[in-house]
Structure formats: C-alpha cells, structure tokens
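**Student:** Predicted coordinates and the sequence they were generated for:
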2 protein chains.
Amino acid sequence: MKMFKIPEATVSRLSVYSRFLSKLDKKGIITISSGEIAEGVGVGAAQVRKDLAYFGEFGTRGVGYNVKDLHQHILKILGLTTSWPVVVIGAGNLGTALCLYDGFRERGFNIVAMFDVDPLKIDKEIEGITVYSMEKLGDIIKEKEVKMGVIAVPAEYAQQIADLLVKNNICAILNFAPAVIKVPEEVQLRNVDLSVNLEILTFNIVNNVKNLY
Amino acid sequence: MKMFKIPEATVSRLSVYSRFLSKLDKKGIITISSGEIAEGVGVGAAQVRKDLAYFGEFGTRGVGYNVKDLHQHILKILGLTTSWPVVVIGAGNLGTALCLYDGFRERGFNIVAMFDVDPLKIDKEIEGITVYSMEKLGDIIKEKEVKMGVIAVPAEYAQQIADLLVKNNICAILNFAPAVIKVPEEVQLRNVDLSVNLEILTFNIVNNVKNLY
DNA sequence: CCTAAATTGTTCAATTTTTCACTATTATTT
DNA sequence: AAATAATAGTGAAAAATTGAACAATTTAGG
Ligand SMILES: NC(=O)c1ccc[n+]([C@@H]2O[C@H](COP(=O)([O-])OP(=O)(O)OC[C@H]3O[C@@H](n4cnc5c(N)ncnc54)[C@H](O)[C@@H]3O)[C@@H](O)[C@H]2O)c1
Ligand SMILES: NC(=O)c1ccc[n+]([C@@H]2O[C@H](COP(=O)([O-])OP(=O)(O)OC[C@H]3O[C@@H](n4cnc5c(N)ncnc54)[C@H](O)[C@@H]3O)[C@@H](O)[C@H]2O)c1
C-alpha cells in the first residue's frame, strides 16, 4: 500500500459514501457524479474527489463514477470485502442492543460471542449469540480468529478489559465506556462517547454556534 | 460571548477534561497541572492549555489549576450547569438502552419521554419513562421545554422524525440512525454512526496504520 | 530578599485538511 | 469533424489545527 497518511475524516467519509452508494445501487442507479454524491451526503464535491484521489482514479472525466464499481472499490479500501468476527464484552443494556442490531451484519461485522461476569447472564443466548464467562475469552478469540472487540462494561472495568483483549492479540477495540483507556500503539482504539456528543450539542446551543453545512 | 470560533475538537476535549476533573475532585485532589490533565486524558499539555485559553485564564502560573474551580468553569462553558430535558424517538433496543443508562443523568441530561409508533410499546414505561405516541410529541416538547431530541428509529424514518422535531422547535438533534439527514442551519445536528466507527478500525487494521497517541 | 523550580498563557511555526481554480478527458450535439 | 457541455483529477492557495518554544508569574527554599 502506498500509505501516504490518509486523514481519518477521509476514512469516515468513505464509510458514508459507501452506504450512500449501496443505496443508489439498490435503486438501480448506474452512474453518479462527485457533485451528486456530495449533495447526497452533505459535503463538498471537491472533497469527494480528493478523498477518492488518495486511493486511485475511479471515475471517468465528463461522465462520473460507476456506482457498483466505486462501491466495490470503497468496500475494498475499508477492508469490508471479508467478514469480521467481533466479540462484545459486557452483556448489559448496550451490549445487548448491539447484539440485536442487524446493521453491523449488513456491513460485514459478525458478533460471534458476548462475555460477562454476571452468572445470571452467562450461558444465556441473545439472538443466537451466547454469553460466555470471561475465562472463555482467549479461546474464542483464537478459535474464531476475532480481530475486533467491543467494550460495553462499566467505565471502571474498561481498562482491565482492554488489557485482557490486548493480551489476547486483538487488533482493534471499540470502546463505549466513558473512560480514557490506554493500549499499545499497534492496537487500534476508538472511543464512542455519547455524553461527549450530547455536550457538544449543549455547547453549541448555549453559544449559539451557527451550523456550517 | 467572545465567539472566536472554537474548534469542535476543543469542545469534545473539554467534555473529556470535565469528566476527568470530576473524578479527581471525588478523589479529593485540589490542584492539577496541564501536564497531568494531558497525561490523564491522552493529549498534549499544550493542547490542554490552548483549549482552555479560548475561554479565559483559569490557572495560576507556577501552580496549576484548582480542580473544583476549573471543573465548574468547564461545566459552565459546556452549558451543563442546568439540566437538559431530552426526548428519545424510537423505543427499540437502542432507545431503551439509552433510557436505562444513568450516565446521561449524571451529566445533566434528563430523558423526559420516549416516543414510538408501535402500539405494543405506547403507554408502557421504561425505568419510569413513559413511551408516548407520536401525536404527543409537540405537546410534551412544549410542556417540558425540551431542547434536545435523540433519533433512534430505523434509518428510513430518520429524516421525517428530524423534520418533526424541527417543526416543534427543537434546538439540537443527536441522530443514531445510519442516515444522512438535513436540518435548517440553526438546528444543531450530530450523528453517531457506529458502523463508521467500526469501519475506521477495519481500515486501520488492513492498512496497518500506526496509532499516533 | 534573591534565586531556582514549576507551570501557565501566548506567540509563532509546522502540519494537516479543506477549498478553489484550472486542466484533461469524455460524451453529445450540430 | 468541430464545437460544446459535463465532470474527474490535481496542484496551489487558504483555512484550520496542532505543536513547540518561551516569556511571565507564582511558590518555595536558602
Ligand atoms: N446504555 C447506554 O445507552 C450507554 C450509553 C453510553 C455509554 N454507555 C456505556 O457502556 C457501558 C455499558 O453500559 P450498559 O448500559 O450496557 O451497562 P450495564 O450495567 O447494563 O451492563 C454492563 C454489563 O457489564 C458486565 N460487567 C461488569 N463488569 C464486568 C467485567 N469486569 N467483565 C465483564 N463484564 C462485566 C455487567 O455484568 C453488565 O452485564 C458503560 O460503560 C456505559 O457507561 C452505555
Ligand atoms: N441497536 C443498536 O445497537 C444500534 C446501533 C447502531 C445504530 N442503530 C440505529 O439506531 C436506530 C434504532 O435501532 P434499534 O436497534 O433500536 O432498532 P429497533 O428496531 O429495535 O427500534 C426502532 C424503534 O423505532 C420505532 N419506530 C419505527 N418507525 C418509527 C417512526 N416513524 N416514528 C417513531 N418510532 C418509530 C419502532 O417501533 C421501534 O420501536 C436504527 O436506525 C439503527 O440503525 C442501532
């Protein structure tokens, strides 16, 4: 790969483009211009072209992009041409909601197991997904070749769960706990912090920030 | 307010600082330096000082920041000195998980009502929060002076719910549906897109992106 | 009281990201 | 076949963000 350092914002937009293209494809639309993509996802047309230009030339000048084609290219770029087995740690309200959610499967993410410490939850099944005790974590990660883990335990345990995942050679962690956790630099970490999102909104309200879309 | 355009990243870091300070305060810690905050939340010390500098001078040179004091200042900046009534639209798995979650209340967000179209869910209570039919939305927003709405309905209905919220004078929307929705520029909108987050991780894994923390 | 250590606030430089404007290419029309 | 219109790709400019360096201020110790 010609890794020229891709802005993270670019990657997240690619993910959005991809979903938009998928919708267009289902509607049977064959070609689309950068301007129409831009309009559809709420960014600038130059931005769309620049984002794609990091990875190659996917369009035809004067014509636009072939929807199916571009979609496939983006899926490839994002690593979504294969399925990703995922484990969820914490079978509470959030963990359960994630398990019941179809949207992940549609994008190639497969929750293969949940884990919890609560004896009442262990060995139960949620939508066909078994909740295991924590001792099984290592075995299942190895057996199912799991690369990604989702942390949905209370914040005070988030770091220890992260450590455990790291010890079991997980490559990436999505953390929902409102905690700052540290992992070795070779492990990918993203935090989804819902309070932060709400608080950006309150900040904007009280400071009367004009949207700039 | 001396609105010099605050980077959104700054606002989200303020939210994280605030939680960190709250933890320190509970531990009885009186003063802290920018370097320690930086260490605690995983950013640079200069970044911390720069973020705060947008809003005033809160520290004492040679000494650091008073924890309680700084915390109060940040809460004020974020608009968290008053409680925010919130409505959640969509009493499904995610909406329910959000309702059961204490973390929001702790930060001053109060879910005052949920809304759904499913007759089986309407009039049920979840953790003391009633699920109302959609017709009640306007009345309750007005009555409870709700400024923020959370969208937790399937993607295909997200736009119409957003429109409805806007029509009822909501100020800010947090959208969980994987849909691009449009609102007037005076309405604050944030999207929490979990698939995007997972896909940034897969991108990083397959492209071997080194973390830079 | 003076000096040294600590640490903030701030300026300025570096970097990153976005936007703009232009060039090249393709398709279509006359 | 030439002219026109549409639109991708791209390099340069602009804007936004981060990072490093340092001057200013406070406290503590001799
Ligand atoms: N529910 C939400 O809407 C929501 C929103 C934002 C953030 N979060 C965060 O997500 C996390 C989970 O939230 P939740 O609402 O599902 O909480 P929850 O209490 O419903 O579930 C937590 C689960 O983790 C399990 N658990 C506790 N310690 C564990 C450990 N050491 N190892 C394995 N499992 C353990 C518990 O048994 C429980 O089943 C929390 O950190 C919360 O702050 C939740
Ligand atoms: N569950 C998750 O973990 C998860 C994760 C990421 C994103 N999301 C997104 O969040 C949204 C909700 O997900 P969910 O898992 O809770 O789905 P869900 O199907 O469990 O719940 C959706 C709820 O919305 C209600 N609803 C449908 N149309 C409505 C309308 N027009 N007005 C009011 N209510 C309506 C339904 O009756 C249902 O109760 C979806 O857009 C989903 O893609 C969910």
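**Tutor:** Everything's here; your move. Ligands and ions are numbered 1, 2, ... in the order given.
**Student:** Outline the domain layout of chain A.
**Tutor:** A:3-77, A:84-196 (automatic domain parsing).
**Student:** Select, out of these, the one closest to residue B:176.
**Tutor:** Taking Cβ to Cβ as the measure, these were each checked against residue B:176, and domain A:84-196 came out nearest at 9.1 Å. Placement of C-beta: from N, CA and C, glycine included.
**Student:** Does at least one residue of that closest one sit close to DNA strand D?
**Tutor:** No - with Cβ under 7 Å from any atom of the strand as the measure, domain A:84-196 is seen stopping short of DNA strand D, the closest distance being 14.0 Å.
**Student:** where are the low-confidence patches of chain A?
**Tutor:** When residues are selected by pLDDT under 70, those of chain A lie in A:1-4, A:210-213.
**Student:** Stretch A:150-163 and ligand 2, any residue contact?
**Tutor:** No - counting by Cβ under 6 Å from any ligand atom, ligand 2 is not contacted by stretch A:150-163; separation bottoms out at 9.9 Å.
**Student:** And the strands in chain A?
**Tutor:** Read by DSSP state E, chain A holds these strands, from start to end of the chain: A:31-32, A:59-60, A:64-66, A:84-89, A:109-116, A:125-126, A:129-133, A:148-151, A:172-175, A:188-191.
**Student:** Can you get me a residue count around residue A:113?
**Tutor:** Here the neighbour count serves as a burial measure; for residue A:113 (other Cβ atoms under 10 Å in any protein chain shown) it reads 22.
**Student:** Surely it and residue A:130 touch.
**Tutor:** Yes - because the distance of 6.1 Å satisfies Cβ atoms under 8 Å, residue A:113 is recorded as touching residue A:130.
**Student:** contacting residues around residue A:141?
**Tutor:** Residue A:141 sits next to A:87, A:149, A:165, A:168-170 when contact means Cβ atoms under 8 Å, 6 or more residues apart in numbering or on different chains.
**Student:** Give the PyMOL command for selecting the buried subset of those residues.
**Tutor:** A single PyMOL command suffices to select whichever of the contacts of residue A:141 are buried according to 16 or more other Cβ atoms under 10 Å in any protein chain shown:
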select buried, chain A and resi 87+149+165+168+170
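**Student:** Would you map the helices across chain A?
**Tutor:** If DSSP state H is used as the criterion, the helices of chain A fall at A:8-26, A:34-41, A:45-53, A:67-78, A:93-100, A:102-106, A:137-143, A:155-167, A:194-206.
**Student:** and ligand 1, which of the domains of chain A is closest to it?
**Tutor:** Using Cβ to the nearest ligand atom as the criterion, the shortest distance between ligand 1 and the domains of chain A is 1.7 Å, found for domain A:84-196.
**Student:** Is the closest one positioned near DNA strand C?
**Tutor:** No - interface with DNA strand C: domain A:84-196 contributes nothing (Cβ under 7 Å from any atom of the strand), its closest point being 14.8 Å away.
**Student:** Pick the most deeply packed of the domains of chain A.
**Tutor:** Stretch with highest mean neighbour count among the domains of chain A: domain A:84-196 (a mean of 19; mean count of other Cβ atoms under 10 Å in any protein chain shown).
**Student:** and it, how far out from the chain's middle?
**Tutor:** 13 Å (Cα atoms, centre = their mean, to the nearest Å).
**Student:** check contacts around the residue nearest the centre of chain A.
**Tutor:** The central residue of chain A, meaning the one whose C-alpha is nearest the mean C-alpha position (Cα atoms, centre = their mean), is residue A:174 at 7.9 Å. Under the criterion of Cβ under 8 Å, 6+ apart, the neighbours of residue A:174 are A:148-151, A:190, A:192, B:194, B:197-198, B:201.
**Student:** and it, what are its bridge partners?
**Tutor:** On DSSP bridges, the residues paired with residue A:174 through beta bridges are residue A:150, residue A:190.
**Student:** gap between it and residue A:83?
**Tutor:** If you measure residue A:174 against residue A:83 using Cβ to Cβ, to the nearest Å, the figure is 17 Å.
**Student:** same deal with residue A:40?
**Tutor:** Distance check for residue A:40 against residue A:83: by Cβ to Cβ, it reads 27 Å.
**Student:** Surely residue A:168 touches residue A:137?
**Tutor:** Yes - with the criterion set as Cβ under 8 Å, residue A:168 and residue A:137 qualify as a contacting pair; they are 6.2 Å apart.
**Student:** Now whichever residue of chain A sits closest to ligand 2. Nearest residue, chain neighbours left out?
**Tutor:** As assessed by Cβ to the nearest ligand atom, ligand 2 sits closest to residue A:101 within chain A, at 3.5 Å. Residue nearest to residue A:101 in three dimensions, not counting chain neighbours: residue B:93, with 6.7 Å by Cβ to Cβ, 6 or more residues apart in numbering or on different chains.
**Student:** Contacts only, for the residue of chain A positioned farthest from its centre.
**Tutor:** Note on chain A: the largest separation between a C-alpha and the mean C-alpha position, by Cα atoms, centre = their mean, falls on residue A:62 (33.7 Å). For residue A:62, the set of contacting residues under the criterion of Cβ under 8 Å, 6+ apart is empty.
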